[in-house]
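Need coordinates for the below:
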Amino acid sequence: MHRRPFLQKMSLLGSSLLTLPLASFGKFEIPKAASLRFITASDGHYGQPDTDFESSHRQLIAAINQEKNVDFVVFNGDLIHDDPKWMPEVKKVYDTLKTPYYTTRGNHDRVSEAAWAQIWGRSANYGFVSKDQHGIILASSSNEKGEYLCVDVGFLKSQLEAYKDLSHVFLFVHISQNDWTRHGVPCEEVLNLIASYPNLKATFHGHDHDVDGIMLYKKKPFLWSGHFGGSWGNPFPSYRVVEVGEEGKTATYLKTVKDGIVLNGHNL
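Below is the predicted model of the structure:
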């Protein structure tokens, strides 16, 4: 197994923040039997000029369609690159997946709220309960202008309260809610809300194409998936797999789009 380095924070924000390598989590183990298995991928930037965005999407879809027992996929923001005309087009690509999928809004997804709801059939802030009763929260971190935003605390609080009796909750937010990466935003209220719910097992981000690891805030894990499109970032387009074992233990690992090599893994 290979582990790629991820962007290190230049200066810590306080004792509650840690950046940890794989070794800090001990031996990595994938559950023998998964009650839930999902994939998240981010930053496809469909329509970005001077990139082969059609090929990058085609390769990702082919890789995911070869995966077994995937319950759903989350495309975690920057689905397109600015021009609203691409949003219906990228949906056609996603529709070729063999599994259900969901989307979050990133700063390059510059369509109106009405257009987002019309195309995707749901608002940019959305939650649902997966099979085996796991809570999934999709939270917007931008708007039609492409601004970097903190998550709507009222929405997040209402979803966490609705799912407080579930064993596992997973949160997807495109933009990091802390400025521990070059492109994150400081959202202490959001971070503290996340930390206050024991059953929120992990938060997944995109946005920083050169980040593919894990960081902790008050012992809560925040994970990145690198990118699978766009014009910059890690040289290995990737996606992240998450598995919840029948006994409740959770594992996550990154895989390359090209050849399916596991780059890093963590038990949460």
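
Is the closest residue to D132 other than its chain neighbours in a helix, a strand, or coil?
Nearest non-adjacent residue to D132, counting by Cβ to Cβ, 6 or more residues apart in numbering: S35, 4.7 Å away. C-beta: built from backbone N, CA, C; applies to glycine. When classified by DSSP: H, G, I helix; E, B strand; the rest coil, S35 comes out as strand.

and S35, what is it in contact with?
The neighbours of S35, taking Cβ atoms under 8 Å, 6 or more residues apart in numbering as the test, are K131, D132, V244, G245, E246.

In the protein, where is pLDDT below threshold?
Within the chain, the segments meeting pLDDT under 70 span 1-26.

One more pass at 90, please.
For the chain, the stretches flagged by pLDDT under 90 are 1-33, 131-132, 246-248, 263-264.

State the next helix or strand along the chain beyond the lengthiest helix in it.
If you go by DSSP state H, the chain has its longest helix at helix 53-66. Downstream of helix 53-66, the next assigned helix or strand under DSSP states H and E is strand 72-76.

The closest residue in space to H57 that isn't next to it in sequence: helix or strand, and which one exactly?
Distances taken as Cβ to Cβ, 6+ apart place V93 nearest to H57, at 5.0 Å, with adjacent residues excluded. In the assignment (DSSP H and E), V93 maps to helix 86-94.

could you point out which element follows that helix?
Towards the C-terminus, the helix or strand next in line after helix 86-94, according to DSSP H and E, is strand 101-104.

can you give me the offset of that following strand from its chain's centre?
10 Å (Cα atoms, centre = their mean, to the nearest Å).

What segments of the protein are helices?
With helices called from DSSP H, the chain shows them at 53-66, 86-94, 113-120, 153-162, 188-195.

quick one on the thing from earlier: list the residues that contact the residue nearest to H57.
Counting by Cβ under 8 Å, 6+ apart, V93 makes contact with Y46, H57, R58, I61.

can you redo those residues as CSV with distance to S141 and neighbour count?
Shown next, in CSV, are the contacts of V93 (distance: Cβ to Cβ, whole Å; neighbours: other Cβ atoms under 10 Å):
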residue, distance to S141, neighbour count
Y46, 19, 25
H57, 22, 22
R58, 27, 13
I61, 25, 20
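
Out of those residues, which is nearest to E147?
Ranked by distance to E147 (Cβ to Cβ), the contacts of V93 are led by Y46 at 20.6 Å.

what separates the closest residue to the closest one other than its chain neighbours from Y197, distance-wise?
Distance criterion Cβ to Cβ, 6+ apart; nearest residue to Y46, sequence neighbours excluded, is V90 at 4.1 Å. Noted for V90: a distance of 32 Å to Y197, by Cβ to Cβ, to the nearest Å.

re the thing from before, residues of the helix holding V93 that come out buried?
Judged by neighbour count (16 or more other Cβ atoms under 10 Å), helix 86-94 contains these buried residues: W86, M87, V90, K91, V93, Y94.

my guess is the last one meets F75, correct?
Yes: taking Cβ atoms under 8 Å as the definition, Y94 is a contact partner of F75 at 6.7 Å.

what touches both of these two?
By Cβ under 8 Å, 6+ apart, the residues touching both Y94 and F75 are Y101, T103.

that older thread, reformat the helices of the chain as a markdown table; add distance to N143.
A markdown table is the format used below for those (distance: least, Cβ to Cβ, whole Å):
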| stretch | distance to N143 |
| --- | --- |
| helix 53-66 | 23 |
| helix 86-94 | 14 |
| helix 113-120 | 8 |
| helix 153-162 | 14 |
| helix 188-195 | 16 |
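
out of those helices, which comes closest to N234?
Across the helices of the chain, N234 has its closest neighbour in helix 53-66 (13.1 Å, Cβ to Cβ).

what angle do that closest one and helix 86-94 make?
Helix 53-66 runs at 40 degrees relative to helix 86-94, counting by axes from the mean of the first three to the mean of the last three Cα atoms, to 10 degrees.

Who are the packing partners of helix 53-66?
Here helix 53-66 touches strand 34-41, helix 86-94, strand 238-245, going by 3 or more Cβ pairs under 8 Å, 6 or more residues apart in numbering; DSSP states H and E.
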